[in-house]
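Asks: the amino acid sequence is not available; the structure is as follows:
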């Protein structure tokens, strides 16, 4: 029996795996060593025959020299160089083929070269006997170097015999064969060959077109320069710059940015490097825009139409006085309001990328994980090394080594994306030693932004590959932004707002801003895009959201009356009859947690209703919070706002709360974010664009000079009315503990019912029955004592209840009947309970 048990316990199969893996690794190392040895021998032989070709001598040296020239003729000078090329390629692991195959391809190329020399020097008619004689003579007179050698004479003569002594046909055949073996030996494909031929021609053509466009632009500007009242603006966009903005570079070069320059918003220009540099780095590892003015057509003022009564007007959106008031043409802000990126010197990062890639592969190899680099992408803040694990390697083995990778690369931390969507690779994101600042100007100064049809097309920043990234709020349709203090949350919101201001007129997009912190959005007060001034009071913020719900329902009623489904259909009808279009509305909330503390139920209900229904009405939410906890971002809010942006957060729990996955806790801060819109599988890492306060003020001043703000008084009154209704509905409830105004908690009536039923009162009782926190329960106890519902504090004993259940019912009846005077204990008579005066 013991023997049988031992056989069952012993795992013979598990013991074979390490030995099998070890033997495979040893075989690979042995093959690589043999390959290097063969390359060294081939290199030495090639050098020997080069010396043999140029140095005369006697004895064995002379015999070998005669043999070389006799067989190959002039090619004796060339074939050693070809063999050296093969040896170097094999040493650097530039080819996947065996070295014997490469030697065969080189030998065929040398033979064909000798045959070509023979064919080009041929005159007359050839037959088989003459071919043999030519071969003999070629070998015999090798010392005088008269031709192709014996090998060339034999092969060349055979080709001439096959073509019937037709020299042109023989030349065509020999050139085709030489081209074929040259492609095989160098590993060049037709695609690479055509690209190498096409690229210089394309560059010359683009350079010529750019020069012609610059000359034409200069002539046009000179013709119009006589008018001093015309603002010429910057030079127009050329086709060259438009093409450059669409290029995607594998490696993007950046310049060093000092911290002082970042504080002053001075940025370095991104410089694209040639894709060949990236290919070279990967092969060594594996062995294989012009400034322009944003010009938008200025539409004429809305025409008066007799059929305007066919459409129902939208209540509460714009006042009648504002509609009737004639307005001057509105000009979109100029790019001159934004700071230009600083032009820095070009810095080459190939050596740094190669060194980090080598360290990365070696680090993983030291832990028994075989990988190879397949791609490298350098962005403004991080560089992503795309690695492909060997067969049988689990992804979890790589993700568990994140701290070890950061240690070996001397990085502050690495983020691993495993796997990369739509790629058979794992992405390891390593922070750059020299980060580059991305400015808003370089993001919106692109054709992609200028040609966007949506008025809610906002700039986000640049991704890991250095490509400009945008978002359409109309398609999201709502956005949730979270991040700790200093992570760049407010700058991200300002970038979105300014992007909208650069793209939309006041009659196209209206903004409703809620800023409980009272410092972030106040700079926008006075711009014509605002419906009302920036709302900073949390109580009025609840009223503003309630007005937004009312406005949404009013818009749906208008759509129903006009038989349309959404705002685009309604605006199409307006355009056809000349009626003013309905503007889109974007609601920006800077700090959700403050609103949730002031009026959690009202704010949550309004946000959920807007998130569920407001898309078709052209209303969109952008909500930011620095505390992404479940009591702030509730399940209902999270379910109805699918698009999220997460900047740096403090913990993995917060990261999972905002984007349902870990990773945001490993971001670098200062605008480094994860963009997770609806419809993509995994978050996208982006370096957000930087926008200074001075730039925001410049843009706002530019807009204010054109058009004064005209706030809607009806909307402001509606917000005040909604806030008053919410206050009355909740009995003036507040949650900040400030009862100086006589405002009490909404849970007081329920608390009275609890203590009256129990005929005892304590803080722990309210905590247990009403599921309250200690502070709130203690404030309710104090309120009940002030109302003479319970007695004073008596140490460890529970407080006495001074009213009965019958008395409490009578108090409620008096309150509902509209009694003018307060209930006092002296008005009641009770034999069992003494009510103090």
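Replies: Yep, that arrived. Everything quoted here is computed from the prediction, not taken from an experiment.
Asks: which strand residues bridge residue 619?
Replies: Under the criterion DSSP bridges, residue 619 forms beta bridges with residue 585.
Asks: ok, it to residue 335 distance?
Replies: 29 Å (C-beta to C-beta, to the nearest Å). Every C-beta, even on glycine, is put in place using the N, C-alpha and C of the backbone.
Asks: compare these two (neighbour count), which wins?
Replies: Taking residue 619 and residue 335 together and counting by other C-beta atoms under 10 Å, residue 619 has the greater number of neighbours (24 against 18).
Asks: mind checking the SS state of residue 686?
Replies: strand (DSSP: H, G, I helix; E, B strand; the rest coil).
Asks: same thing with residue 429?
Replies: Three-state secondary structure (criterion: three-state DSSP) places residue 429 in strand.
Asks: any low-confidence regions in the chain?
Replies: Scanning the chain with the threshold set as pLDDT under 70 gives 1-25, 74, 93-97, 122-148, 216-328, 343-348, 723, 726-744, 813-837.
Asks: next, the angle from the host helix or strand of residue 675 to strand 684-688.
Replies: Under the criterion of DSSP states H and E, residue 675 resides in strand 672-676. Interaxial angle of strand 672-676 relative to strand 684-688 (axes from the mean of the first three to the mean of the last three C-alpha atoms, to 10 degrees): 140 degrees.
Asks: which strands or helices does strand 672-676 pack on?
Replies: Under the contact criterion of 3 or more C-beta pairs under 8 Å, 6 or more residues apart in numbering; DSSP states H and E, strand 672-676 touches strand 457-463, strand 643-646, strand 684-688.
Asks: buried sites along the shortest one?
Replies: Spelled out, it's strand 643-646. For strand 643-646, the buried set under the neighbour-count rule, 16 or more other C-beta atoms under 10 Å, comprises 643-646.
Asks: now the helices: where do they sit in the stretch 451-600 of the chain?
Replies: Listed in chain order, the helices of the stretch 451-600 of the chain (DSSP state H, counting those that start in this stretch) span 489-501, 538-561, 567-577, 592-598, 600-613.
Asks: out of these, deepest packed?
Replies: When neighbours are counted by mean count of other C-beta atoms under 10 Å, the highest per-stretch mean among these falls to helix 489-501, a mean of 24.
Asks: count of neighbours near the nearest residue in space to residue 621 that is not next to it in sequence?
Replies: Counting by C-beta to C-beta, 6 or more residues apart in numbering, residue 621 lies nearest to residue 478, which is 4.2 Å off, once chain neighbours are set aside. Residues near residue 478, counting by other C-beta under 10 Å, number 25.
Asks: what of residue 177?
Replies: Other residues near residue 177 come to 18 when the count uses other C-beta under 10 Å.
Asks: quick check: it is in a strand.
Replies: No: with three-state DSSP as the criterion, residue 177 is helix rather than part of a strand.
Asks: separation between it and residue 469?
Replies: In this structure, residue 177 and residue 469 are separated by 51 Å, where distance is defined by C-beta to C-beta.
Asks: same question, residue 388
Replies: 26 Å.
Asks: what do you get for residue 652?
Replies: Shown here: residue 652 relative to residue 469, a distance of 25 Å by C-beta to C-beta.
Asks: who's more crowded, those two?
Replies: Neighbours per residue, other C-beta under 10 Å: of residue 652 and residue 469, the larger number sits with residue 469, 20 against 14.
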